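J.: Predicted model follows, preceded by the sequence.
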Amino acid sequence: MKRTKTRQPQAARSVPTEPCRFDWQLLMADGLFYGLVYVYLWLGVGTHFIFHGAGLISNFPSFYTTRDFAAHTLSQLGGVTLYASAFLSQLFYHAWLGAIVVTAQAWLFGVCLAYVVKMSGVTLWRWVRFVPAFLLLAMYSQYLYYVPTTMALLLALMFASAYVYMASRLAGIARLAVFLVLSGLCYAAAGAPYLVFVLVCALYALLGARLPVLACVQVLIGSAVPYGMGVLVWGMDTPEAYTRLSPISWTLLSFESRSLGMGLVYALYALIPGLMVAGRAWPWHSPVLFKSHARIRSVGVMVMSVAVGAGVAGMSLDPQRQAQLAMDYYAAHRMWPQVMQTGYKLPGDEYALHALDRGLYHTRHLGSELFNWTQTPNALFLENTSHKRALWIGYAVAMEMGLLNQAEHALTECLEGLGDRPIVLEHLALINMAKGNVGTARVYLGALSTTLFHRTWANECLALLKSDPNLTSDRDVQYLRSVALDQDMPTVKYPPDEMMKLLLKKNPGNRMAFEYLMTYYMLHNELVPLADNIGLAANMGYTALPTHFEEAALVYVYTKKKPLRLEGMTPNAKLSQRIKQFSQILARHQGNAGAARSELETSFKNTYFFYNVYGPKPRTSTAVAP
């Protein structure tokens with residue numbers, strides 16, 4: 001009897017895969033590797049610096065726990081990605097929580113990569129499953145923010161993994177039906193990174209299931225989905241429909257600060273499709289020793305991965321950007337010892353010097369330790385700087401000094417350029433409470449009350465406004481009212497020293513205004529106005545004039561040959577002796593400052609005497625807006 005051949009169903013043409021079993025060795029290797037990744041991100045990187053932003057990260061999202069925010073966000077193309085990214089990004093506020101978010105993302109990338117390339121017949125999946133973690137380590141070591149972009153890709157890869165799982169168990173038209181359903185869901189949830197989903201599905205059909213016709217159909221359908229859904233349903237223009245939430249979106253590439261390190265994002269996007277193609281084109285197998293000994297293979301993969309990860313983290317860490325973010329974070333949270341320590345890592349950085357000078361004031365060392373750091377004249381008030389970051393960093397000094405309108409203007413600009421960050425809303429609320437604009441303050445406090453980590457302070461303030469509408473019991477509000485200018489200022493710009501004089505006229509005991517005025521005159525070597533105003537020290541409650549201020553007064557006396565009397569304060573005899581020594585050394589070199597520098601630097605580097613001769617000359621001063 002003649003035997004007839006039976007036709008195998010299409011599902012049987014898939015590449016054979018290993019049976020699903022629990023692999024303890026694989027689990028232990030993954031646990032050790034990702035545990036080390038977590039510890040590095042928590043203690044070595046610190047995602048709380050990224051959350052704070054320091055005016056360097058302009059696209060960090062806000063998140064509110066209201067239904068309106070959820071409805072508005074989720075109704076957009078890629079709404080699931082946007083909402084999830086906004087929520088998870090808030091967890092960066094605590095370094096230990098942010099490290100969990102990034103580590104979990106790296107692990108999910110690795111799981112998706114290993115599953116898809118394994119099902120496509122690529123044998124090196126054990127060796128490459130940690131590559132996404134390497135790329136994320138490189139991103140976060142450089143303090144780059146790409147959470148929405150990477151989250152969109154992760155969603156696309158999770159949909160692709162789901163397709164591969166279901167398609168390997170289906171045949172014929174069922175595969176295409178699953179692809180169509182997942183296509184709509186993936187594009188709506190992830191936006192343009194959906195195209196990576198299409199590419200992975202098509203490559204699986206071509207390389208794994210060996211169905212070239214299905215692969216072509218998937219590419220054709222996938223190419224049309226962004227137009228059909230993005231343009232016709234969401235009403236977007238065509239470029240936006242094909243790039244939204246992808247690394248080639250205009251919202252990233254149009255801003256230099258948002259496209260730093262973009263090559264790492266491109267590499268992450270190309271990783272799985274590239275491995276699927278390369279793994280089949282150039283088959284690679286584990287060494288014989290690893291192939292015959294599973295335990296040795298697991299240990300080898302783990303050891304090599306940890307070594308590569310450590311190398312990537314060490315080589316990609318950006319210590320300067322880390323110090324910039326850390327300096328502003330510490331200053332914003334009044335962590336003054338850390339500000340001083342970080343200041344040594346950023347020599348010549350005017351933003352760092354600005355925060356450092358503020359820290360010196362709050363620790364009562366501005367008049368005695370100012371020249372322990374190399375100063376520049378324009379750092380004190382960030383003069384001649386129009387960058388948004390100057391507004392972000394400079395508003396605190398203006399606010400604490402009593403220039404509430406100037407601080408409010410800077411914060412409003414930050415609100416527009418950097419987004420409704422909680423710290424901006426918090427200080428805008430405080431300023432409006434101090435100015436008596438209770439209605440405006442309630443708006444900012446209402447927004448803060450729906451955030452994750454600032455709601456407690458906001459609710460306390462709202463409760464205080466009910467029980468004490470004039471806020472007479474709030475120390476911060478009462479301090480701001482005591483130093484704030486009462487008069488409306490003209491729209492013209494004022495020089496910083498004139499603003500300080502107005503503040504001292506309003507409140508003669510405004511110590512911050514006085515010390516910043518004296519420091520401004522010292523850094524600009526303007527000794528005549530310093531001598532004219534140094535008598536205001538009598539209102540500050542000093543037992544002795546701060547060292548640098550007295551040094552500047554002595555330089556004035558020596559250069560102008562005029563006496564200077566300070567009511568109620570005894571001159572420091574040691575300083576009088578030191579300026580004589582300084583002058584004698586300079587005289588020995590016939591007044592040649594260059595020849596005398598090395599000798600003077602040994603004993604006088606941290607004095608105003610030295611700065612007066614060798615300090616940098618100020619650039620053309622730009623007045624500070626009132």
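T.: Okay, I see it.
J.: give me the number of residues near the residue nearest to residue 599 when sequence neighbours are not counted?
T.: Using C-beta to C-beta, 6 or more residues apart in numbering and skipping the chain neighbours, the partner closest in space to residue 599 is residue 585 (5.6 Å). Where C-beta positions appear, they are placed from N, C-alpha and C, glycine not excepted. Residues contacting residue 585 under the criterion other C-beta atoms under 10 Å number 15.
J.: At which residues are the helices of the stretch 301-450 of the chain located?
T.: With helices called from DSSP state H, counting those that start in this stretch, the stretch 301-450 of the chain shows them at 319-332, 336-343, 350-362, 366-369, 388-401, 404-418, 422-435, 438-448.
J.: for the shortest one, what is the average pLDDT?
T.: Per-residue pLDDT values across helix 366-369 average out to 94.
J.: I'd like to know which elements that helix is packed against.
T.: helix 350-362, helix 511-523, helix 547-560 (3 or more C-beta pairs under 8 Å, 6 or more residues apart in numbering; DSSP states H and E).
J.: May I see those organised as CSV, with mean pLDDT and mean neighbour count added?
T.: As requested, these are exported to CSV (pLDDT from 0 to 100; neighbours: other C-beta atoms under 10 Å):
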stretch, mean pLDDT, mean neighbour count
helix 350-362, 95, 23
helix 511-523, 96, 24
helix 547-560, 91, 21
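J.: a markdown table please, covering those helices and showing distance to residue 303.
T.: Shown next, in a markdown table, are the helices and strands packed on helix 366-369 (distance: least, C-beta to C-beta, whole Å):
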| stretch | distance to residue 303 |
| --- | --- |
| helix 350-362 | 40 |
| helix 511-523 | 55 |
| helix 547-560 | 56 |
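J.: if we can go back for a sec, any chance of the helices of the stretch 301-450 of the chain in a markdown table, plus distance to residue 497?
T.: Listed next are the helices of the stretch 301-450 of the chain as a markdown table, based on distance: least, C-beta to C-beta, whole Å:
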| stretch | distance to residue 497 |
| --- | --- |
| helix 319-332 | 23 |
| helix 336-343 | 25 |
| helix 350-362 | 15 |
| helix 366-369 | 16 |
| helix 388-401 | 13 |
| helix 404-418 | 15 |
| helix 422-435 | 23 |
| helix 438-448 | 31 |
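J.: Residue 566: which of the ones you listed is closest?
T.: Residue 566 lies closest, by C-beta to C-beta, to one member of the helices of the stretch 301-450 of the chain: helix 366-369, at 13.5 Å.
J.: what about the closest residue to residue 77 other than its chain neighbours, which SS state?
T.: Closest residue to residue 77 apart from its sequence neighbours, by C-beta to C-beta, 6+ apart: residue 234 at 4.8 Å. Assigned by DSSP: H, G, I helix; E, B strand; the rest coil, the conformation of residue 234 is coil.
J.: could you list every residue that touches residue 234?
T.: 76-77, 241 (C-beta atoms under 8 Å, 6 or more residues apart in numbering).
J.: pLDDT weak spots in the stretch 451-600 of the chain?
T.: Along the stretch 451-600 of the chain, the model assigns pLDDT under 70 to residues 488-493, 568.
J.: picking up where we left off before, residue 175: which of the helices and strands packed on helix 366-369 is closest?
T.: Among these, the nearest to residue 175 by C-beta to C-beta is helix 350-362 (56.3 Å).
J.: Check which helix or strand residue 598 maps to.
T.: Assigned by DSSP states H and E, residue 598 belongs to helix 593-604.
J.: Any idea which helix or strand in this protein has the lowest mean pLDDT?
T.: Least confident helix or strand of the chain, by mean pLDDT, DSSP states H and E, is helix 288-292 with a mean of 46.
J.: and of the helices of the stretch 301-450 of the chain, who's closest to residue 119?
T.: Of all the helices of the stretch 301-450 of the chain, it is helix 319-332 that lies closest to residue 119, at 39.4 Å by C-beta to C-beta.
J.: before we move on, back to that, among the helices and strands packed on helix 366-369, which comes closest to residue 147?
T.: The nearest among those, by C-beta to C-beta, is helix 350-362 at 24.8 Å.
J.: So which elements touch that closest one?
T.: helix 319-332, helix 336-343, helix 366-369, helix 388-401, helix 511-523.
J.: a markdown table please, covering the ones you listed and showing distance to residue 146.
T.: As requested, those are exported to a markdown table (distance: least, C-beta to C-beta, whole Å):
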| stretch | distance to residue 146 |
| --- | --- |
| helix 319-332 | 15 |
| helix 336-343 | 25 |
| helix 366-369 | 39 |
| helix 388-401 | 20 |
| helix 511-523 | 39 |
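J.: My reading is that residue 187 lies in a strand. Confirm?
T.: No: Residue 187 is assigned helix when assessed by three-state DSSP, not a strand.
J.: Could I get the full set of strands for the chain?
T.: If you assign secondary structure with DSSP state E, the chain ends up with no strands.
J.: domains of it?
T.: 23-316, 322-483 (automatic domain parsing).
J.: Quick check: which of those is nearest to residue 514?
T.: domain 322-483 (9.7 Å).
J.: From start to finish, how long is the closest one in a straight line?
T.: 35 Å (C-alpha to C-alpha, to the nearest Å).
J.: Distance from the chain centre to it, please.
T.: Centroid displacement of domain 322-483 relative to its chain, using C-alpha atoms, centre = their mean, to the nearest Å, is 17 Å.
J.: ditto for stretch 177-188
T.: The answer for stretch 177-188 is 35 Å, by C-alpha atoms, centre = their mean.
J.: And the contacts of it?
T.: Taking C-beta under 8 Å, 6+ apart as the rule, stretch 177-188 contacts 77-80, 155-156, 159, 162-163, 166-167, 170, 194, 197-198, 201, 218, 221-222, 225-226, 229-230.
J.: and the nearest residue to residue 545 once chain neighbours are set aside, how many neighbours?
T.: Distances taken as C-beta to C-beta, 6+ apart place residue 569 nearest to residue 545, at 5.3 Å, with adjacent residues excluded. The number of residues packed near residue 569 is 16, by other C-beta under 10 Å.
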